[in-house]
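Novice: Kindly return the folded structure for what I paste below:
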Amino acid sequence: MSTEIAAELKVAMQALKQYGGLDPTKNKAAIRGVGKVMGSEFAKWMIANSSPQSPGVDSCESRLVVTGLSSFWKDNGIGEMKVVEEEPLTIGIEGCHDCLGWMTGVGVPVCPFKEGFLEAVFDGVLNSKHSVEETECCGTLSPSCKFKVTEG
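Specialist: Okay, here's the model as predicted:
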C-alpha cells in the first residue's frame, strides 16, 4: 500500500509541476491546496498503519512525525528528509522528486505542494493546527529545500 501512496504523490508532484509551470507562485494557493488534501489522506494512512513502535504516530512530538515521514520518503524514492533545526522545527529535504530536473534554479520557490502536504500531515497526526513555510528552495539554487513548522 505504501508504494501506491508514493506513486500517487509522485504523479501529483509531476502534474503540479506542469500546472504551475516555471513559476508555481502564480498558482500557489491551488497547488498548496492539493498538497493539503493529499497530506490529510496521508496522515490518516499513517495513523491507520501505526503500531506502538511506529515513530511519529503514537507520540505527539513533531520530531517523530518527521522520522516517520522521512522513512516513507526515503523508502519510496521521493527524497531525503531530516530535521535540520529543532527550534523552530525546520525540515530539510534533499533530492526531492518534486524539485529534481527542470525546476532547479528557476528563480522562485517551487514547493507549495510540500508546504500544504506537510502542514496537513502535522495537523492530522498531532491533532493540532500547524503552519508550514518554505524558507529555502532548490528553485532558488539552495542546496536543499527547508520548511519551518510552527504550531498554532
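Novice: For residue 19, give me its contacts.
Specialist: For residue 19, the contacting residues are 27, 30, 31, by CB atoms under 8 Å, 6 or more residues apart in numbering. (C-beta placed from N, C-alpha, C; glycine too.)
Novice: before we move on, what about residue 25?
Specialist: Applying CB under 8 Å, 6+ apart, we find residue 25 in contact with 108, 109, 112.
Novice: picking that back up, can you tell me which of the contacts of residue 19 is nearest residue 146?
Specialist: Distance to residue 146 across these (CB to CB) is lowest for residue 31, with 18.3 Å.
Novice: Sticking with that closest one, tell me its helix or strand.
Specialist: Secondary structure from DSSP states H and E places residue 31 in helix 28-48.
Novice: Could you give the separation of that helix from the chain centroid?
Specialist: How far helix 28-48 lies from its chain's middle: 9 Å, per CA atoms, centre = their mean, to the nearest Å.
Novice: thinking again about what came up before, can you tell me which of the contacts of residue 25 end up in helices?
Specialist: Among those, DSSP state H puts residue 112 in helices.
Novice: Now that you've got the contacts of residue 25, can you turn the buried subset into something I can paste into ChimeraX?
Specialist: For the buried members of these, the matching ChimeraX selection, counting by 16 or more other CB atoms under 10 Å, is:
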select :109,112
